[in-house]
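K.L.:
Using only what follows, build the 3D model:
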Amino acid sequence: MKKILLSLFILSLLSTTSCNNDDDNGSNDPIDQLPPPTQTGENTIGYLFNGIPVSITNSSEIGAFYQQLQLQIGADFDDDNESLSISLLANGPLIIDTEYSLINNSFVVYWGDSVNCFYDIDDTYQGSMIITYFDDINYIISGTFEFSTVTDDCEIINITEGRFDVQYAP
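P.N.:
Have a look, this model is predicted:
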């Protein structure tokens, strides 16, 4: 009887330790750690900063303005050791599913314990933003973005998989 119980115990132990638990829905994937792509004015911005997920859900850290046919979206992210601010600009009337160049239309300020870098608007050498939703009655704008920027004495910054769903000030 002891051998049967011991065998059952070992069998159950092996079956649980060899099991691959996929219940986390890929939570180790950096993209899954970003806010979901929504179009309801959730006041969220998320992106990968050189592959590291950045999720901004505090509306006091997000600003969006669309005035005189110019869109400006800004977001600040702070953790224990570093801070990061990004700004995105688009000119002209906003048209859904239209790609707006972020070359010379975005900038980054990145500072912390070991880095103090300012990536000016002229430092962005590739990138774009696509407006996926625009509601000029409820002042909601959503979209995607990515860009790369470089400046002297600082690392290249690649912002990828960017998404935003914000309420803007007219």
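K.L.:
And the helices in the protein?
P.N.:
2-17 (DSSP state H).
K.L.:
what's the nearest residue to Ser101 if we skip its chain neighbours?
P.N.:
Leaving aside its chain neighbours, Ser101 sits nearest to Ser128 (5.8 Å; criterion: CB to CB, 6 or more residues apart in numbering). Where C-beta positions appear, they are placed from N, C-alpha and C, glycine not excepted.
K.L.:
hang on, Phe107 packs against Thr149?
P.N.:
Yes: the criterion here is CB atoms under 8 Å, and Phe107 meets it with Thr149 at 7.3 Å.
K.L.:
how about the strands in this structure?
P.N.:
44-49, 52-56, 62-67, 70-78, 82-91, 99-101, 106-112, 116-119, 124-135, 140-149, 157-167 (DSSP state E).
K.L.:
any idea which of those strands scores lowest on pLDDT?
P.N.:
For these, the bottom mean pLDDT is recorded on strand 106-112, which sits at a mean of 88.
K.L.:
Show me what it is packed up against.
P.N.:
Applying 3 or more CB pairs under 8 Å, 6 or more residues apart in numbering; DSSP states H and E, we find strand 106-112 packed against strand 82-91, strand 116-119, strand 124-135, strand 140-149, strand 157-167.
K.L.:
I'd like those as CSV, with mean neighbour count and distance to Pro53 appended.
P.N.:
CSV is the format used below for those (neighbours: other CB atoms under 10 Å; distance: least, CB to CB, whole Å):
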stretch, mean neighbour count, distance to Pro53
strand 82-91, 19, 12
strand 116-119, 16, 20
strand 124-135, 18, 18
strand 140-149, 22, 14
strand 157-167, 20, 9
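K.L.:
Out of those, which is closest to Gly46?
P.N.:
strand 157-167 (5.5 Å; CB to CB).
K.L.:
Quick check: can you name the pairing partners of that closest one and their directions?
P.N.:
Note on strand 157-167: by DSSP bridges, its sheet partners are strand 44-49 (antiparallel), strand 140-149 (antiparallel).
K.L.:
and the last one, how far out from the chain's middle?
P.N.:
The chain centroid and the centroid of strand 140-149 are separated by 9 Å under CA atoms, centre = their mean, to the nearest Å.
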